[in-house]
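# Prediction below, plus the sequence it came from.
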Amino acid sequence: MEEKPVEGTPDGVEKQPETNQSAQAGGISGNSTGNKVCPQCGMVNSPQSLYCYKCGLKLPDAEAQNKKICQGCKAPNSPTSQYCYKCGLKLSEQIAVSGVFTGKYGGFWMRLAAYLIDGVIIGIANFIVMAIIASAVFGSVAGYLDKLMSYSSPDYQFIGTMLGSFLLFYGLSCLASMVINAAYYTIAIGKWGKTIGKAALGLKVLNADGSRVSYARAFGRYWARLLNSFTLDIGYIVIAFTDKKQGIHDFICNTIVIKTN
């Protein structure tokens, strides 16, 4: 009795399993065996990748994993080597492990400088929005002040109106500031992995395995940052003393900040 050929395929040829196109296209977020870790940017790429999908660097062969990668000539060296056998450059202590970031972490002072730059940018945006809200709530501030100064005795009704307007202005300003901050950090980290401040300092936020941070995690990371204010900013200071230069919010969201140059 003859076997029937598989429907939709040539006679006698078995249908091959489909290849995961997204895995071939570049980086992946899992820790599957055989993944190639870029020695330059730390991104995890699929085993079939020849070049890093993030920075374009030619990836080392699978046998280069679990070895020290020379930052000069990119040659794989033994984990115990102190200097590159090929070019003689002193090797980093980081070892390329599949699924684990292998580059350099952003230190406390670099991250502080990036934070201050972002603070200035957000401060300008908040000031513009607050000016718009003030104009809408108070109308002409000068007119209010002239009216207040024209009374010889206190006008409690007018003072109550001003107090109500101030509370409305304060509430709307706080809400607008929260929205601006959350949107800035969520969109910047979720789309590019970096804010303007971090880009200026050559820093990037990644998941601990070297994969890209999602919008959802970037949003959660913003709120986790606010917890540092309840620790008198100790949550930021610990960055200087942890191996991977992580703050409290990094530990909560399992993220790292790396140097990209």
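Cool, the structure landed. Numbering: from 1, shown residues only.
# Tell me how far residue 211 lies from residue 130.
As defined by CB to CB, to the nearest Å, residue 211 lies at a distance of 38 Å from residue 130. Bear in mind the C-beta positions are built from the backbone N, C-alpha and C, glycine included.
# Buried ones in the helix or strand harbouring residue 109, by neighbour count?
Per DSSP states H and E, residue 109 falls inside helix 108-138. For helix 108-138, the neighbour count (16 or more other CB atoms under 10 Å) marks 108, 110-112, 114, 117-118, 122, 125, 129-130, 133-134, 137-138 as buried.
# Touching the helix or strand containing residue 204 from outside, list them.
In the assignment (DSSP H and E), residue 204 maps to strand 203-207. Strand 203-207 has contacts (CB atoms under 8 Å, 6 or more residues apart in numbering) with 29, 41-43, 101, 106, 110-111, 114, 189, 193-194, 198, 212-213, 217-218, 221, 254-260.
# Kindly report the same for stretch 251-261.
So stretch 251-261 is contacted by 41-42, 101, 103-106, 110-111, 198, 202-208, 213, 217, 220-221, 224, 227, 244-246, 249-250 (CB under 8 Å, 6+ apart).
# now stretch 218-233
Contacts of stretch 218-233 (CB under 8 Å, 6+ apart): 181-182, 185-190, 205, 213, 234-236, 247-250, 252-253, 255.
# what's near enough to touch the closest residue to residue 184 other than its chain neighbours?
Spatial nearest neighbour of residue 184, excluding adjacent residues (CB to CB, 6 or more residues apart in numbering): residue 122 at 6.0 Å. Listed by CB under 8 Å, 6+ apart, the contact partners of residue 122 are 180, 181, 184.
# What of residue 117?
Contacts of residue 117 (CB under 8 Å, 6+ apart): 196, 197, 200, 201.
# what comes up buried for whichever helix or strand the second one is part of?
So the one you mean is residue 197. Using DSSP H and E, the element containing residue 197 is helix 196-201. Buried residues in helix 196-201, counted by 16+ other CB under 10 Å: 196, 197, 198, 199, 201.
# For that helix, list the C-alpha coordinates in PDB.
Provided in PDB are the C-alpha atoms of helix 196-201 (Å, rounded to 0.1, in the frame of the first residue of the first chain):
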ATOM      1  CA  ILE A 196      18.100  62.800  25.900                       C
ATOM      2  CA  GLY A 197      20.300  63.000  29.000                       C
ATOM      3  CA  LYS A 198      21.400  59.300  28.600                       C
ATOM      4  CA  ALA A 199      22.000  59.800  24.900                       C
ATOM      5  CA  ALA A 200      24.200  62.700  25.600                       C
ATOM      6  CA  LEU A 201      26.300  60.600  28.100                       C
END
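# helices or strands up against it?
helix 108-138 (3 or more CB pairs under 8 Å, 6 or more residues apart in numbering; DSSP states H and E).
# could you give the angle of the helix it packs on to strand 203-207?
Going by axes from the mean of the first three to the mean of the last three CA atoms, to 10 degrees, helix 108-138 is angled at 90 degrees with respect to strand 203-207.
# Ignoring the adjacent residues along the chain, who's closest to residue 121?
residue 196 (5.8 Å).
# hang on, that neighbour packs against residue 120?
No: using CB atoms under 8 Å, residue 196 is not in contact with residue 120, being 9.6 Å away.
# on that earlier part again, and the residue nearest to residue 184, how far is that from residue 232?
Applying CB to CB to residue 122 and residue 232 gives a distance of 21 Å.
# same deal with residue 79?
40 Å.
# coming back round to it: export the buried residues of helix 196-201 to JSON lines and append columns for pLDDT and distance to residue 165.
Shown next, in JSON lines, are those (pLDDT from 0 to 100; distance: CB to CB, whole Å):
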{"residue": "196", "pLDDT": "96", "distance to residue 165": "34"}
{"residue": "197", "pLDDT": "95", "distance to residue 165": "35"}
{"residue": "198", "pLDDT": "94", "distance to residue 165": "38"}
{"residue": "199", "pLDDT": "93", "distance to residue 165": "40"}
{"residue": "201", "pLDDT": "94", "distance to residue 165": "41"}
